[in-house]
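Enquirer: Got a predicted model here, sequence first, then my questions.
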Amino acid sequence: MNSVTVLGLGTMGSALAAALLDRGHPTTVWNRSAEKAAPLVERGARLAATPEEAIAVSPLVVACVLDYDVLRAVLEPGAESLRGKAFVNLTSGAPEQAQTAAEWFGSRGADYLDGAIMTTPEGVGGSDVMFLYSGPRTVFDAHRPTLAALGDPVYLGADPGRASLYDAALLGLMWSTMTGWLHGTALVGAEKTPAAEFTPVAIRWLATVNRFLTRYAAQVDAGRYPGDDATVDVQIAAIGHLLHAAASRGVDNALPAVLKSTMEQASAAGHGSDSFAAVIEVLTGRTA
Ligand code: NAP
């Protein structure tokens with residue numbers, strides 16, 4: 001088992017270190033507040049006194065701190081320790097920050113992978129959760145077996161910004177989906193249906209929605225949206241029923257109002273008879 005260093009022992013960094021220990025990796029840890037290392041040290045982790053000391057003992061370093069500025073501040077004083085190391089940065093950030101970081105690490109002689117964690121801490125270590133990576137393929141391939149201790153490693157390409165770009169896109173999808181689910185939960189809840197009763201039905205519906213996404217992805221890529229299933233205009237009428245039902249029950253309608261407005265813009269631009277996938281024309285600004 002390869003030895004690994006983990007920098008940052010917040011909620012997420014602690015979960016990462018614990019997953020590495022669970023798989024038997026000799027794990028060295030460092031955190032600004034050293035007391036957070038205690039549960040990991042009890043499980044066999046070695047606590048380093050400084051980031052440089054922690055980096056020196058392992059060929060692979062995983063970092064998960066608050067943001068990229070914090071990471072730079074933590075590493076800058078002992079940056080010479082990075083030479084020859086593989087550095088995997090799982091701190092959340094913007095694609096541009098990942099690109100700048102890749103240059104910074106490269107100029108200090110380190111191989112750099114940027115990553116994004118697609119779970120909350122309790123999911124870390126599960127083979128069903130995705131960890132997204134971008135950067136040099138050779139670096140990813142070399143460390144993939146170790147990174148698999150954290151979750152399923154998904155490689156997105158050489159551009160270091162890709163993992164952060166996907167992260168942003170997927171979080172947007174999550175927030176839209178969860179807000180849509182909560183809106184539906186509030187709607188049926190107004191008629192005394194518990195969330196736990198509504199949710200299994202909602203989850204079955206999401207499986208059908210999954211199939212829509214696969215079909216519409218091909219349409220988006222082709223730039224043609226045959227309205228042979230449900231047209232934009234049909235869905236504008238349908239969302240009116242949602243708005244009416246929610247308004248009658250005192251449920252906030254900001255979310256469906258935005259969705260209706262976007263569909264109406266697509267329709268006004270000549271996509272009323274197209275499939276819902278034509279809404280991409282509004283979102284990309286091509287209808288403006
Ligand atoms: P957290 O519990 O607040 O931990 C923050 C970490 O950053 C701690 O190790 C903290 O050290 C360190 N830190 C903050 N300011 C610092 C400074 N000025 N100097 C040195 N170290 C500093 O946050 P978290 O939930 O673990 O999140 C960490 C990263 O993972 C974030 O980028 C977050 O977006 C990302 N992430 C989190 C989740 C999640 O579900 N939690 C999911 C995906 C991605 P101290 O312990 O000394 O304060």
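Expert: It's in.

Enquirer: List the contacts of the closest residue to E53 other than its chain neighbours.
Expert: Across the structure, with CB to CB, 6 or more residues apart in numbering as the measure, the residue nearest E53 apart from its sequence neighbours is W30 (7.4 Å). For every residue, glycine as well, the C-beta is placed using N, CA and C. For W30, the contacting residues are 5-9, 37, 47-51, 53-54, by CB atoms under 8 Å, 6 or more residues apart in numbering.

Enquirer: what are the phi and psi values for W30?
Expert: phi -140, psi 140 (degrees, to the nearest 10).

Enquirer: now do T28
Expert: Reported as degrees, to the nearest 10, the phi and psi values for T28 are phi -110, psi 140.

Enquirer: List the residues that contact it.
Expert: For T28, the set of contacting residues under the criterion of CB under 8 Å, 6+ apart consists of S3, V4, T5, V6, A45, R46, L47, A48, A54, V57, S58.

Enquirer: Most neighbours among the residues you listed, please name it.
Expert: When the contacts of T28 are compared by neighbour count (other CB atoms under 10 Å), V6 ends up highest, at 32 neighbours.

Enquirer: Confirm that it sits in a strand.
Expert: Yes. Following the definition DSSP: H, G, I helix; E, B strand; the rest coil, V6 is counted among the residues of a strand.

Enquirer: interface residues of the protein facing the ligand?
Expert: Taking CB under 6 Å from any ligand atom as the contact definition, the chain meets the ligand at 8-13, 31-33, 36, 64-67, 70, 73-74, 91-92, 117, 120-121.

Enquirer: Show the model's pLDDT score for the residue of the chain found nearest the ligand.
Expert: In the chain, the residue that lies nearest the ligand is G10 (1.8 Å; CB to the nearest ligand atom). Reading off the per-residue confidence, G10 sits at a pLDDT of 98.

Enquirer: quick one: contacts for it?
Expert: For G10, the set of contacting residues under the criterion of CB under 8 Å, 6+ apart consists of N31, K36, C64, V65, L66.

Enquirer: in the protein, which residue is closest to the centre?
Expert: Centrality entry for the chain: nearest residue to the mean C-alpha point is D167, 3.4 Å, by CA atoms, centre = their mean.

Enquirer: Report the spatially closest residue to it, excluding sequence-adjacent ones.
Expert: Of all residues beyond its chain neighbours, the one nearest D167 is A116 (3.5 Å), with distances taken as CB to CB, 6+ apart.

Enquirer: Quick one: residues contacting that neighbour.
Expert: Under the criterion of CB under 8 Å, 6+ apart, the neighbours of A116 are L90, S92, F131, L132, A163, S164, Y166, D167.

Enquirer: wait, the fifth one sits on M118?
Expert: No. Counting by CB atoms under 8 Å, A163 does not reach M118; the two are 9.8 Å apart.

Enquirer: Overlap of the contact sets of these two?
Expert: Listed as contacting both A163 and M118 by CB under 8 Å, 6+ apart are L132.

Enquirer: Of the two, which one has the most company?
Expert: For A163 versus M118, neighbours defined as other CB under 10 Å are more numerous around A163 (30 against 19).

Enquirer: what mean pLDDT does the helix or strand harbouring the more buried one have?
Expert: Element membership of A163, judged by DSSP states H and E, is helix 162-189. Average pLDDT, helix 162-189: 98.

Enquirer: ok so, going back, out of the contacts of A116, grab the one that's most surrounded.
Expert: Counting by other CB under 10 Å, top hit in the contacts of A116: A163 with 30 neighbours.

Enquirer: Let me see the contact set for that one.
Expert: Remark: with contacts taken as CB under 8 Å, 6+ apart, A163 is in contact with A98, D114, G115, A116, L132, Y133, S134, L156.

Enquirer: Tell me who's in contact with L16.
Expert: By CB under 8 Å, 6+ apart, the residues touching L16 are V6, V62, C64, L90, V124, L150.

Enquirer: Brilliant, that's me finished.
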